[in-house]
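J.: All I have is the shape, not the residue letters:
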């Protein structure tokens, strides 16, 4: 099992909800690592610029999307919203690969919708 960050956008073309995370096959191997463990949602917040960690949830299982070839759903449980959004740089940052040594966001890593967290 592994923890991960799942990027979520309110205007996403994916069929996301509190109980499911919809994703393309490119992320399947990463999401499979998270089954039975918790993930952190990362995305935009209304009225704020930038992106933030906003909630945690537990990945229960993965199922194929019957309507879209090469897409899947992670069935989610125990969704808990944070009291306040958490900036990616809070406490020195939570994802070592997300921020470069000069404090800037690593564009390649930031583009990934599912990021495994290394402790």
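T.: Right, received. Where do you want to start? It should be emphasised that the depicted structure is a prediction, and the values quoted were computed from it without experimental measurement.

J.: After the lowest-mean-pLDDT helix or strand in the chain, which helix or strand is next?
T.: Every helix and strand of the chain was ranked by mean pLDDT, DSSP states H and E. The lowest is helix 107-110, at a mean of 54. Where DSSP states H and E defines the elements, the next helix or strand beyond helix 107-110 is strand 114-116.

J.: other SSEs contacting that next one?
T.: Helices and strands touching strand 114-116, as assessed by 3 or more Cβ pairs under 8 Å, 6 or more residues apart in numbering; DSSP states H and E, comprise strand 4-8, helix 28-34. All C-beta spots, glycine's among them, are computed from the backbone N, C-alpha and C.

J.: Nearest to residue 65 among those would be which one?
T.: Ranking these by distance to residue 65, with Cβ to Cβ as the measure, places helix 28-34 first at 11.2 Å.

J.: got the buried residues for that closest one?
T.: 28, 30, 31, 33, 34 (16 or more other Cβ atoms under 10 Å).

J.: and it, average pLDDT?
T.: Averaged across helix 28-34, the pLDDT comes to 97.

J.: Would you mark the buried spots in stretch 57-73?
T.: For stretch 57-73, the neighbour count (16+ other Cβ under 10 Å) marks 57, 58, 59, 62, 65, 71, 72, 73 as buried.

J.: is it true that the fourth one touches residue 36?
T.: No - counting by Cβ atoms under 8 Å, residue 62 does not reach residue 36; the two are 11.0 Å apart.

J.: one step back: Throw the helices and strands packed on strand 114-116 into CSV and include distance to residue 88, thanks.
T.: Shown next, in CSV, are the helices and strands packed on strand 114-116 (distance: least, Cβ to Cβ, whole Å):
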stretch, distance to residue 88
strand 4-8, 9
helix 28-34, 19
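
J.: and residue 83, which of those is closest to it?
T.: Each of the helices and strands packed on strand 114-116 was scored for nearness to residue 83 using Cβ to Cβ, and the closest is strand 4-8 (17.7 Å).
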